[in-house]
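Asks: Below are the sequence and a predicted model; questions follow.
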Amino acid sequence: MATPLIEFKDVSKRFNGKTVLERVNLQIYEGEVTTIIGLSGTGKTVLLKHIIGLHKPDEGTILFRGQPLDRIRRGDLPMSYMFQGNALFDSMTVFENIALPLQETTNLGHDEIRRRVMTRIEQMELADAVHKYPSEISGGMQKRVALARALVTDPQIVLFDEPTTGQDPVRKNAILGMIAQYQRSFGFTAILVSHEIPDVYFISNRILALYGKSIVFQGTPEEFEEFDHPFKEEVVNSLEGLQRELTGLHSRRQFKLRYQGQLRGGALGDAYAVAVFSLDGLDAVAGHLGHDAAQEALRSLGIFLGKHFGAVGGFSTRRSMNEYVTVLPSTDRAEAEGILGEYIRDFQGQEQAILDIWASAQRHSGTELCVELTLLAGLAQGRPDEDIDGVIESARRDRRVISRIRCINQGEGT
């Protein structure tokens, strides 16, 4: 196992005699997205502030690359912090907000600061907003400005404190998608505090569960699905239930439980079918029309998929950032092909809904660039004695293009 980038060893913290963290042990690894989950008020933000050095533990040790954190000067820590609510200065332009960390923490000259700021502005596609104030740009652009400010000092680690607080479901996923995209592009280590279960699983390499003042789980999202602990009942189940109300889809854990329950009860029959749907081109949509437009398309697909296949007894889940899986009980391959054919025909109306979303995004951004989203689908036959993951992989290999959703360039007419 690699040496942790950051490690807590028996860390405890109290405020006015009240214990907030008690003998916390955790490891965070370089180049990964690590998400700390838990109920509000359980100490997640306090834990995050220990990492950046804003709090010091009452007991225990925090290590950075194997060295005690309290022996390292804050100026030598390659970290940046993205606050809740962005914390942009209303009286400063976008350029001035992004430049502020360089002006306050470095001795760089005016020309070099301008070069670095403009590089981040171009990377975040904020060129049209350089001289605007936060109140003059959209909420999504404000998030990008806050992230550009966090990245302008070239940090190795970026900490995100509840980056999706107060946002609607589509915007929440748009923000998470933005973090994932730029983490891949710049290669920084991302540490998030979040309660967006299960959406945050799709961008995370590791999950840390804070419960009862301690870390009760740390591992991959897949390992977390097998985690048996009261944390699941009190935190995860309630939030996953809310997720299903919003999308009509099961969480991956609920999907697996339903599959296993129907398997034991014989409801899957002698054979069942699995369909895998994926969307290609989301990064291009996000780049040209914004992350909100990309997530609206994903959410629209998920809701329609859940309703369509739910009406014939199927159940669905979002498997990854751009992939959905549906199980059709007591259905052979030929029947599944027919059901898929009906879905493709009915999907034409959904295509128009997505195009309407994009047209609105085009008008808002002023772009005339055209984007294309490709919907692929694959089918596989499953049997009760087969592993569901193997059947899903077979369906994934069978995928073919079933729809291309292409917006019309504004210059070409409507």
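Replies: Yep, it's here.

Asks: give me the number of residues near residue 203?
Replies: Other residues near residue 203 come to 24 when the count uses other Cβ atoms under 10 Å. Any C-beta I mention is one placed from the backbone N, CA and C, and that applies to glycine too.

Asks: Quick one: residues contacting it.
Replies: Listed by Cβ atoms under 8 Å, 6 or more residues apart in numbering, the contact set of residue 203 reads 33, 35, 176-177, 179-180, 183, 321.

Asks: which stretches of the stretch 301-414 of the chain have low pLDDT?
Replies: Residue ranges of the stretch 301-414 of the chain with pLDDT under 70: 357-358, 360-369, 407-414.

Asks: The closest residue to residue 405 other than its chain neighbours: which element?
Replies: Setting aside the residues directly before and after it, residue 405 is nearest to residue 373 in space (Cβ to Cβ, 6 or more residues apart in numbering), at 4.5 Å. Counting by DSSP states H and E, the element that carries residue 373 is strand 372-382.

Asks: Whichever helix or strand comes after that strand packs against which elements?
Replies: Using DSSP H and E, the helix or strand that directly follows strand 372-382 along the chain is helix 388-397. Counting contacts by 3 or more Cβ pairs under 8 Å, 6 or more residues apart in numbering; DSSP states H and E, helix 388-397 packs against strand 272-280, strand 323-328, strand 372-382.

Asks: picking up where we left off before, strand partners of the strand holding residue 373, parallel vs antiparallel please.
Replies: Strand 372-382 sits in its sheet next to strand 272-280 (antiparallel), strand 400-406 (antiparallel), going by DSSP bridges.

Asks: Among those strands, pick out the one with the most neighbours on average.
Replies: Mean neighbour count (mean count of other Cβ atoms under 10 Å) peaks for strand 272-280 among these, with a mean of 23.

Asks: which regions of the stretch 1-150 of the chain lie under the pLDDT threshold?
Replies: Applying pLDDT under 70 to the stretch 1-150 of the chain flags residues 1.

Asks: just to revisit the earlier point, with neighbour count as added columns, please give the contacts of residue 203 in a markdown table.
Replies: Formatted as a markdown table, the contacts of residue 203 follow (neighbours: other Cβ atoms under 10 Å):
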| residue | neighbour count |
| --- | --- |
| 33 | 21 |
| 35 | 26 |
| 176 | 28 |
| 177 | 23 |
| 179 | 23 |
| 180 | 18 |
| 183 | 18 |
| 321 | 20 |
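
Asks: Could you dump those into a markdown table with secondary structure and distance to residue 140 added?
Replies: A markdown table is the format used below for these (DSSP: H, G, I helix; E, B strand; the rest coil; distance: Cβ to Cβ, whole Å):
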| residue | secondary structure | distance to residue 140 |
| --- | --- | --- |
| 33 | strand | 20 |
| 35 | strand | 21 |
| 176 | helix | 12 |
| 177 | helix | 11 |
| 179 | helix | 13 |
| 180 | helix | 15 |
| 183 | helix | 17 |
| 321 | coil | 18 |
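
Asks: can you redo those residues as CSV with distance to residue 165?
Replies: Formatted as CSV, the contacts of residue 203 follow (distance: Cβ to Cβ, whole Å):
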residue, distance to residue 165
33, 18
35, 14
176, 12
177, 17
179, 14
180, 18
183, 19
321, 21
